[in-house]
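**Q** The sequence isn't on hand, but the structure is:
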């Protein structure tokens, strides 16, 4: 997955926005799963791609299989540049 904003799907952008808003958690493993507002994302392949591309990460180290709050990396913030925040 390219980290260029125009290469991200709408779903990937929505996932990045949820992470930026502090609403997401990652399950730490070699294929990190993502949940938003306590619910598992329907597209874990995209969640894996975002983590492997270095756009999201856990905020702290936890044991494998455990959940940790997710945050955007610098690359994740750059990838969201140009996409407006969701309306409240």
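**A** That came through, no problem. On a predicted model such as this, the values are computed, not experimentally measured, just so you know. Residues are numbered from 1 along each chain as shown.

**Q** mind checking pLDDT for residue 82?
**A** With respect to pLDDT, residue 82 scores 74.

**Q** typo on my end, it should be residue 28
**A** 91.

**Q** With the one 5 residues further on instead?
**A** The predicted local distance difference test score for residue 33 is 95.

**Q** So what sits opposite it in the bridge?
**A** Judged by DSSP bridges, the bridge partners of residue 33 are residue 27.

**Q** just checking, it touches residue 27?
**A** Yes - here residue 33 reaches residue 27: they are 4.3 Å apart, a contact under CB atoms under 8 Å. Backbone N, C-alpha and C define where each C-beta goes, glycine included.

**Q** higher neighbour count, the two?
**A** The neighbour count for residue 33 versus residue 27, taken as other CB atoms under 10 Å, is higher for residue 27 (20 against 17).

**Q** Pull the contacting residues for that one.
**A** Contacts for residue 27 were tallied using CB atoms under 8 Å, 6 or more residues apart in numbering; they are 33-35, 65-67.

**Q** How about residue 35?
**A** Contacts of residue 35 by CB under 8 Å, 6+ apart are 24-25, 27, 41, 67.

**Q** Strands of the chain, residue ranges please.
**A** Secondary structure of the chain by DSSP state E: the strands cover 24-27, 33-36, 39-40, 56-58, 67-72.

**Q** show me the contacts for residue 33.
**A** Taking CB under 8 Å, 6+ apart, we find residue 33 in contact with 26-27, 40-41, 44, 47-48.

**Q** pLDDT below threshold where in this structure?
**A** Flagging of the chain using pLDDT under 70 yields the residue ranges 1-6, 84-88.

**Q** pull the longest helix from it.
**A** Using DSSP state H, we find that the single longest helix of the chain is helix 10-20.
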